[in-house]
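Asks: Would you be able to build a 3D model of this:
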Amino acid sequence: MLKISALFIPFFARQTFAYVLTTQIGACVDEALYSGNYTGFHCDYHGGNCADGETWVTPKEVTLGGYPDCGCGENFEANPHMRGCYGGGGVINCRPQHEAPCEGYNMTNRMKTGPGIEADPTCGHGSLGFGAFDASPFCGKRCTCSFGYHSGNLEMRSMIFAGETNHGYCESTNKNPKKKKRLSYCSASLDCASTKHTYVESHTLEEHGVTCPCDRTRSGACVTGKKGSTRMVSRCAVAADSCSKPEKFLSVTQLAKEKLGVDCMLCKNTWDCEDDPKYKFKHKKGKRIRCKQIAKSRNKEKLCEREEKIRENCSRTCETCCADDVRKILFTDNDEEVTCVKLRTREDKDVRCMEPEIASTCTKTCKTCGPADDD
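Replies: Predicted structure coming up:
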């Protein structure tokens, strides 16, 4: 469990001094089909999405029961599924189950699932999508919490990326533009539907000029103790059935109002290794310093080791994350464009990683992570 003293933070400001935790995900299990992998095992936000014959397994039970991983983010198979809506012309938008029905064909949240249909084990951030209809293995042809749907065959593929799926947006009804922006937030649920907020569905966000990827989308939390000094956060969760007795579920708004010093986000961005340019750490002397100043400080190592907030927001400076630039073409070999993703499975990977440009582009693959440049 986690207890952090309450800190003064803007109600829903994205940059806060709160401790950021990622949301834990449960699963729907069909015991007749389950054999230890993702067949018969479906990661999801809550038990209401389970189909007939499936049993809801809480996030805690998933962890303790030896089930496959569940979590929104870079692990393709571990992501909760979302509904795919086909609008014609190959255009498919992904949306949460709690949003409005599809205007066109509903591909459901069970696309590309079932016995004998499995995702390619290498499928993930920067992979090429392939595998039409019931082909197995496949990659990308599924709407999930983090990954969008990508059509294509072996000749015409599109690259898939973590963090590309949009979630809903709770837009404040405050008339003041600055307050409206500060009080609005991305949400994994409908709990904001009140007189102070309007829920904006994920597939309409472009009209509002906002995006809600999983690392900016908030969830509620399971807590113990009475409201006040004894309240403790057990885990971040989307719905009440992710909590165990005697835990209580707090919605996004309830969690913020209690000021427990915790921000619950659907996922953590592990694919873009960059410092947050807006983050400022308040030093003991009252001075606020940015990541680039910390990077040049003689006390950088001590600051990174001691301050969790710095490690979270200055991940490149503190070397607490490692990411490849998966979009960059490294070289061409026999008419095949090689990216960091392709490099991972090549026999000459170690030799190629000795090349400075490749080493700096594929830091995760080549294990050459380092601090940010000083310029």
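Asks: Any chance you could list what contacts the helix or strand hosting Glu305?
Replies: Secondary structure from DSSP states H and E places Glu305 in helix 300-306. Contacts to helix 300-306, defined as Cβ atoms under 8 Å, 6 or more residues apart in numbering, come from residues Phe281, Ile294, Ser297, Ile310, Arg311, Cys314, Thr317, Cys318, Glu319, Thr320, Pro371. All C-beta spots, glycine's among them, are computed from the backbone N, C-alpha and C.
Asks: Mind doing that once more with 7 Å?
Replies: The contact list for helix 300-306 (Cβ atoms under 7 Å, 6 or more residues apart in numbering) reads Ile294, Ser297, Ile310, Arg311, Thr317, Cys318.
Asks: If you count contacts, what does the helix or strand immediately after that helix in the chain end up packed against?
Replies: Following helix 300-306 in sequence order, the next helix or strand is helix 308-313 (DSSP H and E). Contacts defined by 3 or more Cβ pairs under 7 Å, 6 or more residues apart in numbering; DSSP states H and E place helix 308-313 against helix 300-306.
Asks: sorry, back to before: so among the contacts of helix 300-306, which ones count as buried?
Replies: Buried by 16 or more other Cβ atoms under 10 Å: Ile294, Ile310, Arg311, Thr317, Cys318, out of these.
Asks: Which two of the residues you listed have the greatest separation?
Replies: Ile294 and Arg311 (10.6 Å; Cβ to Cβ).
Asks: The residue lying closest to Ala323 once chain neighbours are set aside: what's it in contact with?
Replies: Distances taken as Cβ to Cβ, 6 or more residues apart in numbering put Cys273 closest to Ala323, at 3.6 Å, once the chain neighbours are dropped. When contacts are counted by Cβ under 7 Å, 6+ apart, Cys273 touches Ser315, Arg316, Cys321, Cys322, Ala323.
Asks: ranking those residues by neighbours, who comes first?
Replies: Within the contacts of Cys273, most neighbours by other Cβ atoms under 10 Å means Ser315, with 25 neighbours.
Asks: for the buried ones among the contacts of helix 300-306, which one is nearest Phe147?
Replies: Nearest to Phe147 among those, with distances taken as Cβ to Cβ, is Arg311, at 26.3 Å.
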